[in-house]
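>>> Pasting a predicted model and its sequence here:
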Amino acid sequence: MTKNTKVNAAILIIGNEILSGRTQDTNTSTLATWLNSLGVKVNEARVIPDIEKTIADTLNVLRKENNYVFTTGGIGPTHDDITAQSVSKAFGLKYEIHKEAFEILKSYYKPGEFNEGRQKMVWMPKDAMLILNPTSGAPGFSVENVFCLPGVPSILKSMLGGLKNRIVGGEPILSQTLSLKTVESEIASSLKKVQNQNQEVEIGSYPFFHAGKLGVSIVIRSENQSKIDECSSQILKFVREKKIEVVER
């Protein structure tokens, strides 16, 4: 892959606790922000339950449609942590003890603490590459273009640094935000014209309520700063004509 290539990814959040609402997903935001900074555009994010067939089938779709797939959750020590065996099934690989992961965890825990539950965390697809974990010892793993990370947000975040050199992105995706004291309906047609004239730039509008102010944030995203600047000036032109106030957030 070379620079300027469109590089994309999908995020697969695995866990019944997310679907039930017991746990709030923050990993999508963390991963998407990190991937954007590397020049990888996130095409989609899905949340699925801890069901082996669902995980394997979804992975097999996403890994063919994207340069990278990142999964979070389901690689811990409990009975419902089935991501590793599901990835093995998706790739048709043997599910076995990863010798290097075993040695890492054996030395991480005090004698007698590396019990049967914790040993479950070293079972992985055959020949998986490890993703080292500086926070809690238990590594994640990757197979081809699929990268499997834990669901605990602080641990996931700590593991991204070690992955940076394994992700080849395109140009970093830049963004600019304009916050306006208005409502979406007031700017919709003008914004659509600007979007039609700037097909290579992604323009999004997002209502906000902040410090008693109701408004709309317009986010302009592109790999090219000059295209963002051009778009921004076209938007500010109609904003001035409509006498809409630009607000600091």
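Arrived safely.
>>> Counting neighbours, which bits of stretch 178-198 end up buried?
Leu178, Ser179, Leu180, Thr182, Ile187, Ser190, Leu191, Val194, Gln195, Asn198 (16 or more other Cβ atoms under 10 Å). (C-beta placed from N, C-alpha, C; glycine too.)
>>> what sits up against that stretch?
Stretch 178-198 is contacted from outside by 201, 203, 205, 207-208, 213-218, 220, 227, 230-232, 234-236, 238-239, 242, 244-249, using Cβ atoms under 8 Å, 6 or more residues apart in numbering.
>>> what's the spacing between the residue nearest the centre of the chain and Thr71?
By Cα atoms, centre = their mean, the mean C-alpha position of the chain lies nearest to Leu31, the distance being 3.1 Å. According to Cβ to Cβ, to the nearest Å, Leu31 and Thr71 sit 10 Å apart.
>>> so what's in contact with the two at the same time?
Shared contacts of Leu31 and Thr71, defined by Cβ under 8 Å, 6+ apart, are found at Ile11.
>>> quick one: which of the contacts of stretch 178-198 sit in strands?
203, 205, 207-208, 213-218, 220, 245-246 (DSSP state E).
>>> List only buried entries from these.
By neighbour count, with 16+ other Cβ under 10 Å, the ones in strands among the contacts of stretch 178-198 hold Ile203, Ser205, Gly215, Val216, Ser217, Ile218, Ile220 as buried.
>>> Would you mind writing the CA trace of the helix or strand hosting Leu178 as PDB?
Element membership for Leu178, per DSSP states H and E: strand 174-181. Provided in PDB are the C-alpha atoms of strand 174-181 (Å, rounded to 0.1, in the frame of the first residue of the first chain):
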ATOM      1  CA  LEU A 174      -7.900  16.400   8.300                       C
ATOM      2  CA  SER A 175     -10.900  18.200   9.700                       C
ATOM      3  CA  GLN A 176     -12.200  21.700  10.500                       C
ATOM      4  CA  THR A 177     -15.300  22.600  12.500                       C
ATOM      5  CA  LEU A 178     -17.400  25.700  12.200                       C
ATOM      6  CA  SER A 179     -20.000  26.200  14.900                       C
ATOM      7  CA  LEU A 180     -23.000  28.400  14.000                       C
ATOM      8  CA  LYS A 181     -25.900  29.900  16.000                       C
END
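>>> Parallel or antiparallel, list what pairs with it.
Take DSSP bridges as the rule and strand 174-181 pairs in its sheet with strand 213-222 (antiparallel), strand 245-246 (antiparallel).
>>> so how far is stretch 195-206 off the chain centroid?
Centre-to-centre, stretch 195-206 and its host chain are 22 Å apart (Cα atoms, centre = their mean, to the nearest Å).
>>> average pLDDT for that stretch?
Average pLDDT, stretch 195-206: 94.
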